[in-house]
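*Asks:* what's the 3D shape of this:
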Amino acid sequence: MTIKPLIILPDPKLREVSRPIERVDEPLRNFADDMLETMYDAPGIGLAAIQVGEPLRMLVLDVSKEEEEKAPRVFLNPEIVSRSDERSLYEEGCLSIPDYYAEVERPASVVVRYLGLDGQIHEETAEGIFATCLQHEIDHLDGVLFIDHISKLKRDMVIKKFTKQARLKSA
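*Replies:* Numbering: from 1, shown residues only. Now for the predicted structure:
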């Protein structure tokens, strides 16, 4: 397993729409293992393939608590098929926008359909932090960042800060 380098804002790759996965095979399973290792190393609770430079509709997550056994999950071609009217507010962060957090309001629960590493279609209901994390990572697959859900003023400030940091690093 290999820890992959993370793509950081303002990299334009983060705005790409990821392409569907056509086949579940051993290289894809190995890539899923690499993504999980990268996510745990960061550390984070979710990671989309685009965040490591692969525009594939794939995400991994583990929303288990620290004192619990790890519960890694892999979702291929995930899509939200329904959303609750009830809303929830969580403070979100992102491995591609390090050390920045903001409250984001999203549906409190969602039903997601996805392809598993077993090659089968699955459908399940997600609530709480699981629902928030799924929505956050599925957004990544569509080129949407969590900062797109906050005010334009705050978003512009974050983008400006990370653009400046990127310029200083490349100078």
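*Asks:* need the residues that contact stretch 13-31.
*Replies:* Applying Cβ atoms under 8 Å, 6 or more residues apart in numbering, the contact partners of stretch 13-31 are 1, 7, 48-51, 53-58, 76-77, 96, 115-119, 140-143, 145. Quick note: C-beta positions are derived from backbone N, CA and C, even for glycine.
*Asks:* mind redoing it with 6 Å?
*Replies:* 7, 50, 55-57, 76-77, 96, 117, 119, 141-143 (Cβ atoms under 6 Å, 6 or more residues apart in numbering).
*Asks:* kindly report the same for stretch 53-63.
*Replies:* 7, 16, 18-21, 35-36, 39, 45-49, 70-77, 129-130, 133, 137, 141.
*Asks:* and for stretch 136-152?
*Replies:* The contact list for stretch 136-152 (Cβ under 6 Å, 6+ apart) reads 15-18, 46, 48, 50, 57, 59, 78, 92, 94, 102, 104, 155, 158.
*Asks:* what about those residues, which are in strands?
*Replies:* Among these, DSSP state E puts 46, 48, 59, 78, 92, 94, 102, 104 in strands.
*Asks:* can you go through the contacts of stretch 136-152 and name the buried ones?
*Replies:* Among the contacts of stretch 136-152, those buried by neighbour count (16 or more other Cβ atoms under 10 Å) are 18, 46, 48, 50, 57, 59, 78, 92, 94, 102, 104, 155, 158.
*Asks:* and residue 137, how far from residue 156?
*Replies:* Plainly put, residue 137 is 24 Å away from residue 156 if you go by Cβ to Cβ, to the nearest Å.
*Asks:* before we move on, the earlier item: of the buried ones among the contacts of stretch 136-152, just say which sits nearest to residue 166.
*Replies:* Of all these, residue 166 sits closest to residue 158, with 12.6 Å by Cβ to Cβ.
*Asks:* check the gap between that closest one and residue 164 for me.
*Replies:* Distance, residue 158 to residue 164, by Cβ to Cβ: 11 Å.
*Asks:* what's the farthest-apart pair in the ones in strands among the contacts of stretch 136-152?
*Replies:* Spatially, the most separated pair among the ones in strands among the contacts of stretch 136-152 is 78 and 102, at 23.2 Å (Cβ to Cβ).
*Asks:* in the chain, which residue is most central in space?
*Replies:* Residue closest to the average C-alpha location in the chain (Cα atoms, centre = their mean): residue 137, at 2.7 Å.
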